[in-house]
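Chemist: give me the fold of what follows.
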Amino acid sequence: MRLEVSGYRRRQISMTSLIDIIFLLLLFFMLSSTFSRFADVELDASSGGNPAKQTNAPAFLKLSADRLLLNGSELTTLTLQAEIERLKTTSNLNAVILSVDETATSQQLVDTMLVLRRSAGISLQIVR
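Modeler: As a prediction, this is how the structure comes out:
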């Protein structure tokens, strides 16, 4: 049984409002996303095996928002790699302990880790 309603006419869907909504969504996602590339930093988890034998004392690097200290001497990120290389040749350095202050930004941490990664043969341990 089919009911007929007099005066009922099926309206077509207006595409104008649909296009406006799609444009607003596209604009929102374009403005809320970032297009810059970030460097990947690999963090190795410690294994349950025997600890590596270290014959020399590691260097202690303290990172905070306003300064960078290597064994108590203040450095910049630009001079850090040269100082690490100097310590590798003079005192046979093979490990760095990095202490990160809560005021340091994540970008400062990544920059410091990338500098330390460039120095071959240096193992890095991050402490809080």
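
Chemist: counting neighbours, what do you get for the nearest residue to residue 80 once chain neighbours are set aside?
Modeler: Nearest non-adjacent residue to residue 80, counting by CB to CB, 6 or more residues apart in numbering: residue 115, 5.0 Å away. In this view, the C-beta of every residue, glycine as well, is placed from N, C-alpha and C. Residue 115 has 18 neighbours, counted by other CB atoms under 10 Å.

Chemist: one more: residue 62?
Modeler: 18.

Chemist: for residue 24, see how far away it is.
Modeler: Residue 62 sits 48 Å away from residue 24, going by CB to CB, to the nearest Å.

Chemist: next: residue 106.
Modeler: For residue 106, the distance to residue 24 equals 32 Å [CB to CB].

Chemist: ditto for residue 58
Modeler: From residue 58 to residue 24 the distance is 55 Å (CB to CB).

Chemist: what comes into contact with the helix or strand harbouring residue 110?
Modeler: Here residue 110, judged by DSSP states H and E, is contained in helix 106-118. Helix 106-118 is contacted from outside by 38-39, 41, 61, 63, 65, 68, 77, 80-81, 84, 96, 98, 100, 122, 124, using CB atoms under 8 Å, 6 or more residues apart in numbering.

Chemist: and after that helix, which helix or strand comes next?
Modeler: strand 123-127.

Chemist: which residues touch the residue lying closest to residue 62 once chain neighbours are set aside?
Modeler: Leaving aside its sequence neighbours, residue 62 sits nearest to residue 69 (CB to CB, 6+ apart; 4.3 Å). In this structure, residue 69 makes contact with 61-62, 75, judged by CB under 8 Å, 6+ apart.

Chemist: those residues in helices, which ones?
Modeler: In this view, the contacts of residue 69 have no member that belongs to helices under DSSP state H.

Chemist: mind putting those into TSV with distance to residue 20 and pLDDT?
Modeler: Below are the contacts of residue 69 laid out as TSV (distance: CB to CB, whole Å; pLDDT from 0 to 100):
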residue	distance to residue 20	pLDDT
61	54	87
62	54	90
75	55	85
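
Chemist: okay if I get the residues you listed as JSON lines plus distance to residue 18?
Modeler: Putting the contacts of residue 69 into JSON lines (distance: CB to CB, whole Å) gives the following:
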{"residue": "61", "distance to residue 18": "57"}
{"residue": "62", "distance to residue 18": "57"}
{"residue": "75", "distance to residue 18": "58"}
